[in-house]
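>>> Got a sequence here, can you build the structure:
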Amino acid sequence: MSSDDRSPESRRDDRSPVLIGVGAVTQRESDPARALEPTALMARALEAAAEDAGSRRWLESADAIAVPRGFWSYPDPARLVADEIGAKQAKTWVAEIGVLQTTLFARACQAIRDGAADTVLVTGGEAKHRAMLAERAGGVAPLTEQEDTLADEVWRPEADILHPVELASHLGMPVRQYAVIENALRFAEGRSLAEHRDEVAEMWAGMSRVAAANPDAWSDEVLSTEEVRDAGTGNRMLAFPYTKRHNSQWNVDQAAGMIFTTRALARASGVPESQWIHPRAVAESNHMLPLVARAELHRCPAFGIAGRAALAHAELHVEELAHVELYSCFPSAVRVQQRELGLAEDRPVTVTGGMAFAGGPLNNFVLQAAVTMARRLRLEPGASGMVNAVSGMLTKQGVSLWSTREGAGFEALDVSAEAERETPRVAVRDGFTGEARVAGYTVLYGADGPTHTVVLGDAADGVRVVGVGEDAALAEAAVGTEIIGREVRIDAEGVALLG
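Model prediction:
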């Protein structure tokens, strides 16, 4: 039967995207002069993916290479990778910071499904550890210089992630905003401060055990609950209740590579179907609401919306997922996803060990996680998994579903409009003076102890306000007792608890 005689359904099946090759690289070179730079690590990861897929021809025949931007300054990193792996005809795509990492999966699969490409490579990498070692030695880790050029396509976010009030109130760093979310979640669930700190540290200690069993993880150190929870030498407090060990570890040298193609090409090239991973759906919300303007600081309704949309299209239930990888920049990100997605709190949340232990290369962890997920699913025929992404402070949400079995054709779903409708917001007032009820807070730390207490409050008229206090007594109260729900006075002198 010729291709012209086949049904439209059959022709669509031929163009359905499959993931046929995955590779990951973790570089542990102690001499920065010998360590590879980020694009070289990306090339190594793609070469490993090609070996996994059975032929280097997948690299040489690639139609496009997609790369998420990292710490490095290459204008078109995908072109450097293409030159190194011999992908002479490949178009180059770069996703700027603020674009969800799941977007790279979505656009690769859409291009294949729609006939715009037959093979797409997705890769990303960092060499921040290399750069850090060079800096400690008094030098700079060199990067290949490119002429001032742009990729063939550059994908950019539509808006800024941070609110001006946040920037003016010591809330510009992610650890501080996620700590606010963490404290708000504790209050909403009625946990005591001690119970809550134990609960969070136990989850993170469990993730260290997963990372220790993952050969691609940056760290193989197994930590106890106490070693995560308690501040001390090598584990300073950053923003209450978070210590350094709660924090994503981005000083790593890691890269990931993935090869997507059509079912028809995979079959014709002899890639065993046992090797195929079927991308079932990517659902994303790009509705951007800064933390300070969220009425419910402990919630992220868009994750539930994205999860339900992806699962419905894939004809799966959340309980059927054999494995999940919840984006793990900080504990509150994981814990909010669990609740919004309806995941049981006692089920594993990672196959990698998470960003604090497996490694959290900037803007690339989701690719690392997808590689690990693909390998895990191949060992369990018929199994399905979820890999999630976050941009900003739970600002944008991405859910991707993968399976070793076919289902409904791949679809990229945009749930931004529904997320905007279903996420309650409040007005924000700058320069507020007066009384407010504490909705969320964190205490910030320097080398010598607490420095500032940042309070998000709700004024009597329902407007959200922010106050920053430097009083030691306020900081002591905030880390020793529950201050959410209490009244405070905010003025030019700082923040004072009332009553």
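>>> tell me the mean pLDDT over stretch 276-292?
Stretch 276-292 carries an average pLDDT of 98.
>>> Render the CA-only coordinates of that stretch in PDB, please.
Taking C-alpha atoms only, stretch 276-292 is exported to PDB below (Å, rounded to 0.1, in the frame of the first residue of the first chain):
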ATOM      1  CA  TRP A 276      10.600   4.300  22.300                       C
ATOM      2  CA  ILE A 277       9.200   6.700  24.800                       C
ATOM      3  CA  HIS A 278       5.900   8.300  23.700                       C
ATOM      4  CA  PRO A 279       5.400  12.000  24.700                       C
ATOM      5  CA  ARG A 280       1.700  11.900  25.500                       C
ATOM      6  CA  ALA A 281       1.100  15.600  26.400                       C
ATOM      7  CA  VAL A 282       2.600  18.800  27.600                       C
ATOM      8  CA  ALA A 283       0.200  21.200  29.400                       C
ATOM      9  CA  GLU A 284       1.500  24.700  30.400                       C
ATOM     10  CA  SER A 285       0.200  27.900  32.000                       C
ATOM     11  CA  ASN A 286       2.000  31.100  31.100                       C
ATOM     12  CA  HIS A 287      -0.200  33.200  33.200                       C
ATOM     13  CA  MET A 288       2.200  35.300  35.200                       C
ATOM     14  CA  LEU A 289       1.000  36.600  38.600                       C
ATOM     15  CA  PRO A 290       3.800  37.700  41.100                       C
ATOM     16  CA  LEU A 291       3.700  36.100  44.500                       C
ATOM     17  CA  VAL A 292       2.900  39.400  46.300                       C
END
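>>> Going by residue numbers, what spans are strands in the stretch 101-250 of the chain?
119-127, 153-155, 237-239, 242-243 (DSSP state E, counting those that start in this stretch).
>>> any chance of those strands in TSV, plus mean pLDDT?
Converted to TSV, those look like this (pLDDT from 0 to 100):
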stretch	mean pLDDT
strand 119-127	98
strand 153-155	98
strand 237-239	97
strand 242-243	98
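>>> which stretch among the ones you listed comes nearest residue 477?
Among the strands of the stretch 101-250 of the chain, strand 237-239 comes nearest to residue 477, with 16.0 Å by CB to CB. Using the backbone N, CA and C atoms, a C-beta is placed for each residue, glycine as well.
>>> Contacts for the closest one next, please.
With CB atoms under 8 Å, 6 or more residues apart in numbering as the test, strand 237-239 has contacts from 173, 175-176, 179, 231, 243-244, 246-247, 442-445.
>>> Next, the buried residues of stretch 106-118.
Neighbour counts over stretch 106-118 (16 or more other CB atoms under 10 Å) mark 106, 107, 108, 109, 110, 111, 112, 113, 117, 118 as buried.
>>> Now do the same contact list for the closest residue to residue 462 other than its chain neighbours.
Leaving aside its chain neighbours, residue 462 sits nearest to residue 426 (6.3 Å; criterion: CB to CB, 6 or more residues apart in numbering). Going by CB under 8 Å, 6+ apart, residue 426 touches 293, 294, 295, 458, 462, 463, 464.
>>> where's residue 426 relative to residue 436, distance?
12 Å (CB to CB, to the nearest Å).
>>> Can you pull the residues that touch both of these two?
With CB under 8 Å, 6+ apart, residue 426 and residue 436 have common neighbours residue 458.
>>> Let me know the secondary structure of residue 23.
strand (DSSP: H, G, I helix; E, B strand; the rest coil).
>>> surely it meets residue 47?
Yes - applying CB atoms under 8 Å, one finds residue 23 in contact with residue 47, separated by 6.9 Å.
>>> Would you mind grabbing the residues shared as contacts by these two?
residue 257.
>>> and residue 59, that's in a strand?
No - membership of residue 59 in a strand is not supported by three-state DSSP, which gives helix.
>>> That one: what's its closest spatial neighbour, skipping adjacent residues?
That would be residue 85: by CB to CB, 6+ apart, it lies 4.4 Å from residue 59.
>>> Same question for residue 422.
Per CB to CB, 6+ apart, closest to residue 422 is residue 301, 4.7 Å.
>>> residues contacting that neighbour?
Listed by CB under 8 Å, 6+ apart, the contact set of residue 301 reads 340, 419, 422, 423.
>>> Could you dump the strands of the stretch 101-250 of the chain into JSON lines and include mean neighbour count?
Output for these, formatted as JSON lines (neighbours: other CB atoms under 10 Å):
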{"stretch": "strand 119-127", "mean neighbour count": "30"}
{"stretch": "strand 153-155", "mean neighbour count": "16"}
{"stretch": "strand 237-239", "mean neighbour count": "23"}
{"stretch": "strand 242-243", "mean neighbour count": "24"}
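>>> Indicate which one of those is closest to residue 58.
strand 119-127 (6.1 Å).
>>> Note down every partner strand of that closest one and its orientation.
strand 64-68 (parallel), strand 253-262 (antiparallel) (DSSP bridges).
>>> Just want the phi and psi numbers for the residue nearest to residue 59.
Main-chain dihedrals, residue 85, degrees, to the nearest 10: phi -100, psi 0.
>>> What's the local residue count around it?
When neighbours are counted by other CB atoms under 10 Å, residue 85 registers 24.
>>> pretty sure it contacts residue 47?
Yes - if you go by CB under 8 Å, residue 85 and residue 47 touch, sitting 6.6 Å apart.
>>> Buried residues, the helix ranked longest in the chain. List them.
Counting by DSSP state H, the longest helix found in the chain is helix 193-212. Across helix 193-212, burial judged by 16+ other CB under 10 Å covers 193, 196-201, 203-208, 210-212.
>>> And these, which is closest to residue 139?
residue 211 (30.3 Å).
>>> List the residues that contact the closest one.
217, 218, 219, 220, 352, 353, 354, 357, 358.
>>> Which residues are in contact with the second one?
With contact taken as CB under 8 Å, 6+ apart, residue 218 is in contact with 26, 211, 249, 252, 254, 357, 358, 359.
>>> which one among the residues you listed gets closest to residue 95?
Closest to residue 95, out of all of these and judged by CB to CB, is residue 254, at 17.5 Å.
>>> I'd assumed residue 25 was in contact with the closest one.
Yes - counting by CB under 8 Å, residue 254 touches residue 25, with 6.6 Å between them.
>>> Looking at these two, which one has more neighbours?
Of the pair residue 254 and residue 25, residue 254 is the one with more neighbours under other CB under 10 Å, namely 29 against 23.
>>> Which stretches in the stretch 201-350 of the chain count as helices?
225-229, 263-268, 301-314, 331-341 (DSSP state H, counting those that start in this stretch).
>>> Of the contacts of strand 237-239, which is the most crowded?
Of all the contacts of strand 237-239, the most densely surrounded is residue 442 (29 neighbours; neighbours counted as other CB under 10 Å).
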